[in-house]
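In: coords please:
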Amino acid sequence: MSETRSKDEAAIRAVLAGVYDAWGTDADAFVADYTEDATAILPGSYRRSKEEVRQKMAEGFASVLKGSTTRDEIRSIRFLGADAAVVVSETGILFPGEALVPADRVANATWVLEKRDDKWLIAAYHNSPAHAG
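Out: Numbers count the residues shown, from 1 in each chain. Down below sits the predicted model:
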């Protein structure tokens with residue numbers, strides 16, 4: 001891997017780490033590295049902008065997601081030209097008192113990132129259950 005790609009990969013990993021560092025506490029920090037026109041698709045939910053993602057996460061952090069943490073493991077990073085990348089990860093939410101994510105809450109996620117003004121930003125996110133129920 002070239003030095004540039006290694007730096008890009010490290011930057012992408014840092015962006016995703018920032019998202020999960022903010023989990024459960026700060027919706028503004030959670031979306032700090034989202035593009036304004038970012039989209040997020042989750043089972044039963046389609047969020048059409050950074051602001052909509054921020055609002056829904058703030059609502060969740062204040063209610064059903066309060067006190068939760070998350071686990072996310074990057075499985076692959078694939079570059080699409082100089083300024084785009086697709087990341088595949090496995091993710092899951094841990095609620096208070098849980099040490100492991102139950103199998104029915106493990107999800108596969110796809111992240112699309114783009115490089116704007118030499119900074120990697122999240123342009124799209126999608127997840128779906130890892131195991132059919």
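In: low pLDDT regions in this structure?
Out: Scanning the chain for pLDDT under 70 picks out 1, 133.
In: in it, which helix is the longest?
Out: Ordering each helix of the chain by length in residues (DSSP state H) puts helix 3-21 first.
In: contact partners of it?
Out: Applying C-beta atoms under 8 Å, 6 or more residues apart in numbering, the external contacts of helix 3-21 come out as 1, 29-30, 32-33, 70, 72, 74, 77, 79, 85, 87, 89, 111, 113, 115, 119-122. Glycine gets a C-beta too; all of them are placed from N, C-alpha and C.
In: and the nearest residue to Arg116 once chain neighbours are set aside, how many neighbours?
Out: Leaving aside its sequence neighbours, Arg116 sits nearest to Thr35 (C-beta to C-beta, 6 or more residues apart in numbering; 7.3 Å). Residue crowding around Thr35 was assessed by other C-beta atoms under 10 Å; the count is 17.
In: now do the same contact list for Thr35.
Out: Neighbour list for Thr35: 50, 114, 116, 121-123 [criterion: C-beta under 8 Å, 6+ apart].
In: how about the helices of this structure, start to end?
Out: Under DSSP H, the chain gives helices at 3-21, 27-30, 50-62.
In: turn these into CSV, including mean neighbour count and distance to Asn127.
Out: Below are the helices of the chain laid out as CSV (neighbours: other C-beta atoms under 10 Å; distance: least, C-beta to C-beta, whole Å):
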stretch, mean neighbour count, distance to Asn127
helix 3-21, 15, 13
helix 27-30, 17, 15
helix 50-62, 17, 13
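In: export these to TSV and tack on distance to His131?
Out: Below are the helices of the chain laid out as TSV (distance: least, C-beta to C-beta, whole Å):
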stretch	distance to His131
helix 3-21	22
helix 27-30	26
helix 50-62	23
